[in-house]
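Student: Sharing a model prediction with you, sequence too.
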Amino acid sequence: MRPPMRSSIACTRCRKSKIKCENNGGISPCDSCIKTGKECVFKLPDPVPPKRTEPPTGVKQERDGGSDRKKLKKIDDISKVDNQRASVYAEEVLSAPFLTEDLWEQVLDLYKLHFAPELPFLHLPTIKEKLGRKFRSSQPEDSSEVNLVLLGVLTLTARFHPDLVKYLAHICNNQPGNARTRPVQTQLDPTAASEYYADILTMALGPLRTAMKTASVERVSALLMLGLYDWSQTQPQTGGLGAWMYVGLAIRMAQYLRLGFGDVPALEDANAKAVELQQKGAHHQSQDALEKEVRRRTMFSCFILDRMLACGKERVAILRPEDIQIQLPCSEDKFDLAMEVPTGFIDDKVRYGMDDSVLSRFIQLVDLWGEVSRFSADGGRLNKKEQDKPPWTKESTFYQLNQKLAAFDAGLPGTFTFSRSNYFKHENHQASSAYVLLHMLRCVCLIMLHREYIPFVPIRNREPEGPLDQPTFPEDKYGRPPEGFWLESAEHVFKAAREIIDLIEICQRKEKLPQSTIVLFAIWTAGFVGLYAIHFPQMDTKGHMLDYDFEDTRQPESLGDVFRRGSVAFTFATLHKMSVWLKMASTYVLVLRKMDKYFITIKNDYFRFSAKNAGTDEMPSRVREGGSGGGLEEYRPLSTTLKDFGFFRPGEHDPAGTADRPSPVAIDHPPPPPPPPPGGAEAFLTSTANKASKSATPGSFTAINRTPIMPAPDRPFSNEARYPTPHPEVYADPWRQSNNAPRQQQPPAQAYPASEAMHDTTTAIAAEAHDQAWWVTFKKEAERRIGTIGDLRYFSSGESQLAIAEMPFGDSTWVLPFEDTSCKLLQQVEY
């Protein structure tokens, strides 16, 4: 409950209305203004005037629910809207009292920080001038097309503005009643604010037939904003069809408007255009230059998002670089001043004497990223065209792309290269976002390219030595690779991931990390590389990811060292923070945790089967069976989740199911206890044993029946039982909150004598994973068991009204019934 506040800090509206002002000290709008949609202004109260014999006349106090209050209509109340009514409704939404000129300044700053590199077409001086004219003019202007752009800006940025989130929470919830008696809810979903404006923008575009027949640059911009927002919210269950369609429609509309043409005139038209330019005045020249630059930037925004959505298997890009016959965008200062300058074209490698900018370099890198992602999506080294071409030969696609990336790095001006000092130079001019995206995308390209020749499970390697699965490149057929080729290639991966980590750290110190989907993908990629380095430390020979010093004390100890310390913990914490605004980030958080468990499981399987195969002459190829391969058969079903950018088709990405799926070999043929691994994995065993000794407890909890506990089946409760049967969704929200809580209960100390085998370092990781999984499931099912079957009675007496098969865990063949009561079993234990 909020403590009562002094009346001296009440807002002006509550002071005039003489109502209680619920606020937090004037930092954010009060509850009453949020509910009425009014601007909330705090200022010192005026001095009390001397008493008058007669009260002043003509003063009308503003009351809640008065006639001057503008009520925003529900979206559902507008049925069968046409284009004109949709435009009127959009104007009404944008005229909300809380959308003040100061708030718009903050919203535009958020746009510039998070989205300007991907959508650079917004000319902020023009937008601010039109907004100022709108606030100061009593005559409304016909600005339906501009309103589409403004709604797009709010769609992207509303989730990042705390005041807008509060205002829109009230509008969306439509809470009735007196503002003085109903407090604003404390748990707010920031994405609900952006969803509101996305729905309004979709409506403002008009009915489908009208939207398909109306084209303008503003509509292209609005569609791109909708596409980028939808892409940031994609999840495996929903897919990214909305973003795919919005961006595709924007590209077709841009092509119809010929936004990609105009800067390569025919020779006979050059002289005529020069004469026409001389006849125009300076003002008209500036306006023409601005219009051309906005059209160019809109087209390149289509190009950027087209390459972004095409980064994955069976995703075909629409735009080709040779079809874009316009020069690159100019620098930001020239754009603000509406100056026409030569900048060169997308395939120009030499930029001498031309206006250069980080944005233009970023667009050229996006073009190169399209080639790298296509090489990766087509199979990389597994492509039939690449199987007979060693990566160090000039005929291979890997060699050609690697040379292009090296040439791009070498061609960057000194102030554009990666360093902390250069970041602060760009940040000083409010242009750090494009610089951050440039280098994050450059690092992603290096990782995507060089990981193609690194084994997925290099458990037998002492250091990087090339692929272990076919196709390989034996020396007797292809010759020896250049000295240190494989070591250098692997180092590119880990060094690029470390640069992403460093960029995140620099940005977060000043709270200026762009919440971009490209940044999100780069952070996820770096996090997975760090996870790979932790499980296979012999591959990170220079310790780029292993030596990063970070500790997240907010995470519980039960989460494990991987997500509490080091580079993985840093990326994990960053993704978790971004998931508040970008739902795509929450899925990558889940994938990262699943892949950690996956690597633990496959390493344990390898060591167990390698001991079983020690006395035989046959060596299997599957790494899970103790074979000599590099895990290619394991990588294939995971490649879409690990390589693709985002989640395109619903159900296509199933990281949880794939990573958690047990090996059929391990089920059908239970392996013997693992002996010490062979010498080929000494480096890995040393690091793993040290890690396990830090995180595992000296003695682990052992169940009474010494039987592994399997998770409860996902099935509804039986209605035939003689007790109240709650539905599973009753507990969905409480358990979701408990999983996100900062603190978790630790497993109890050792209560029963543990087997000596549990102290073996080779099984420490398996014991830790088993204990964590058991306790997570135990806590998750606590309310179901105690609330429905009364298992306290079953635990104390061995009796229950419910059959064992009907209990949670009961339908598992792993669970055995008690042969004696628990009381007697407890009495037999020696303490």
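Tutor: Received, thanks.

Student: Quickly note the distance from the closest residue to A10 other than its chain neighbours to T517.
Tutor: Nearest residue to A10, sequence neighbours excluded (Cβ to Cβ, 6 or more residues apart in numbering): C21, at 3.6 Å. (C-beta placed from N, C-alpha, C; glycine too.) Computed as Cβ to Cβ, to the nearest Å, the C21 to T517 distance reads 40 Å.

Student: try V444
Tutor: To T517, V444 is 12 Å away according to Cβ to Cβ.

Student: what does K292 give?
Tutor: 28 Å.

Student: my read: the residue nearest to A10 touches I34, true?
Tutor: No: between C21 and I34 there is no contact under Cβ atoms under 8 Å: 11.6 Å.

Student: which element is I523 on?
Tutor: Following DSSP states H and E, the helix or strand that holds I523 is helix 517-535.

Student: Need the contact partners of the next helix or strand after that helix.
Tutor: Sequence-wise, the next helix or strand downstream of helix 517-535 (DSSP H and E) is helix 567-578. Contact partners of helix 567-578, identified using Cβ atoms under 8 Å, 6 or more residues apart in numbering, comprise 497-498, 501, 504-505, 508, 513, 515, 520, 523-524, 526-527, 530-531, 533-534, 545-546, 548, 550-552, 554-555, 562-563, 585, 588-589, 592, 596.

Student: Show me the shaky parts of the stretch 101-250 of the chain.
Tutor: 140, 174-186 (pLDDT under 70).

Student: Which strands and helices lie in contact with the one helix or strand L449 maps to?
Tutor: Per DSSP H and E: L449 is located in helix 432-450. The contact analysis (3 or more Cβ pairs under 8 Å, 6 or more residues apart in numbering; DSSP states H and E) places helix 432-450 against helix 101-114, helix 358-377, helix 397-411, helix 420-428, helix 485-509, helix 517-535.

Student: So for K292 and T517, which residue has more residues nearby?
Tutor: The neighbour comparison of K292 against T517 (other Cβ atoms under 10 Å) goes to T517, with 26 against 16.

Student: The closest residue to G631 other than its chain neighbours: what's it in contact with?
Tutor: Counting by Cβ to Cβ, 6+ apart, V457 is the residue found nearest to G631 once chain neighbours are left out, at 3.1 Å. Counting by Cβ under 8 Å, 6+ apart, V457 touches F536, F599, I602, K603, Y606, V623, G630, G631, E634, Y635.

Student: 6 Å - rerun?
Tutor: V457 is in contact with I602, V623, G631, counting by Cβ atoms under 6 Å, 6 or more residues apart in numbering.

Student: export these to CSV and tack on neighbour count?
Tutor: As requested, those are exported to CSV (neighbours: other Cβ atoms under 10 Å):
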residue, neighbour count
I602, 19
V623, 28
G631, 22
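
Student: Which single one of those residues is nearest to Q430?
Tutor: G631 (46.1 Å; Cβ to Cβ).

Student: My guess is that closest one contacts I454. True?
Tutor: No: in this structure G631 lies outside contact range of I454 using Cβ atoms under 6 Å: 10.7 Å.

Student: Give me the mean pLDDT for stretch 440-454.
Tutor: Computed over stretch 440-454, the mean pLDDT rounds to 96.

Student: What pLDDT is listed against the residue nearest to A10?
Tutor: 88.

Student: hmm, back to that, could you identify the buried members of the contacts of helix 567-578?
Tutor: 497-498, 501, 504, 513, 515, 520, 523-524, 526-527, 530-531, 533-534, 545-546, 548, 555, 562-563, 585, 588-589, 592, 596 (16 or more other Cβ atoms under 10 Å).

Student: Keep only those of the contacts of V457 that are in helices.
Tutor: Residues from the contacts of V457 lying in helices, with DSSP state H as the criterion: I602.

Student: Need the contacts of V457 in JSON lines (columns: pLDDT and distance to L319).
Tutor: Listed next are those as JSON lines, based on pLDDT from 0 to 100; distance: Cβ to Cβ, whole Å:
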{"residue": "I602", "pLDDT": "94", "distance to L319": "41"}
{"residue": "V623", "pLDDT": "88", "distance to L319": "41"}
{"residue": "G631", "pLDDT": "90", "distance to L319": "36"}
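
Student: Relative to R315, which of the contacts of V457 is nearest.
Tutor: G631 (25.4 Å).

Student: what's the spacing between K134 and Y89?
Tutor: 17 Å.

Student: again with Y111
Tutor: When distance is defined by Cβ to Cβ, Y111 is 23 Å away from Y89.

Student: Next: A243.
Tutor: To Y89, A243 is 24 Å away according to Cβ to Cβ.

Student: okay, the two: which has more neighbours?
Tutor: A direct count of neighbours by other Cβ under 10 Å for A243 and Y89 places A243 higher, at 24 against 19.

Student: ok, that one touching Y229?
Tutor: No: using Cβ under 6 Å, A243 is not in contact with Y229; the gap is 8.1 Å.

Student: where in the stretch 451-600 of the chain is pLDDT low?
Tutor: Applying pLDDT under 70 to the stretch 451-600 of the chain picks out no residues at all.

Student: Quick check: L226 touching Y246?
Tutor: Yes: with contact defined as Cβ under 6 Å, L226 reaches Y246; the gap is 4.7 Å.

Student: With neighbour numbers in mind, choose between those two.
Tutor: The neighbour count for L226 versus Y246, taken as other Cβ under 10 Å, is higher for L226 (27 against 23).

Student: does the more buried one sit in a helix, a strand or a coil?
Tutor: Of the three states, L226 takes helix under DSSP: H, G, I helix; E, B strand; the rest coil.

Student: Could you pull up the residues touching it?
Tutor: So L226 contacts Y246 (Cβ under 6 Å, 6+ apart).

Student: Mind listing residues that contact stretch 130-147?
Tutor: Stretch 130-147 is contacted from outside by S87, A90, L94, E101, W104, S216, E218, using Cβ under 6 Å, 6+ apart.

Student: what's the farthest-apart pair in those?
Tutor: Farthest apart among those by Cβ to Cβ are E101 and S216. That separation is 25.6 Å.

Student: OK, contacts around Y606?
Tutor: Applying Cβ under 6 Å, 6+ apart to Y606 gives the contacts I459, V623, G626.

Student: Distance to F42 for those - can I get that in CSV?
Tutor: Shown next, in CSV, are these (distance: Cβ to Cβ, whole Å):
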residue, distance to F42
I459, 63
V623, 65
G626, 70
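
Student: Check the gap between R649 and V294 for me.
Tutor: To V294, R649 is 34 Å away according to Cβ to Cβ.

Student: Those two: who's more crowded?
Tutor: Each of R649 and V294 has its neighbours counted (other Cβ under 10 Å); V294 has more, 22 against 15.

Student: How is that one classified with respect to secondary structure?
Tutor: Following three-state DSSP, V294 is assigned to helix.

Student: pLDDT at it, what is it?
Tutor: At V294, the model reports a pLDDT of 97.

Student: For the nearest residue to it once chain neighbours are set aside, list the residues it contacts.
Tutor: Nearest in space to V294, with sequence neighbours left out and distances taken as Cβ to Cβ, 6+ apart, is F121 at 5.6 Å. Listed by Cβ under 6 Å, 6+ apart, the contact partners of F121 are S221, V294, R297, T298, S301.

Student: How about R381?
Tutor: Going by Cβ under 6 Å, 6+ apart, R381 touches E452, Y453.

Student: Distance of it relative to V358?
Tutor: Using Cβ to Cβ, one gets 33 Å for the distance from R381 to V358.

Student: now do T640
Tutor: Counting by Cβ to Cβ, the separation of T640 from V358 is 32 Å.

Student: Looking at those two, which is more packed in?
Tutor: V358 (24 against 20).

Student: If we ignore the residues flanking it in sequence, what's nearest the more buried one?
Tutor: Once flanking residues are discounted, V358 sits nearest to A434: 4.4 Å by Cβ to Cβ, 6+ apart.
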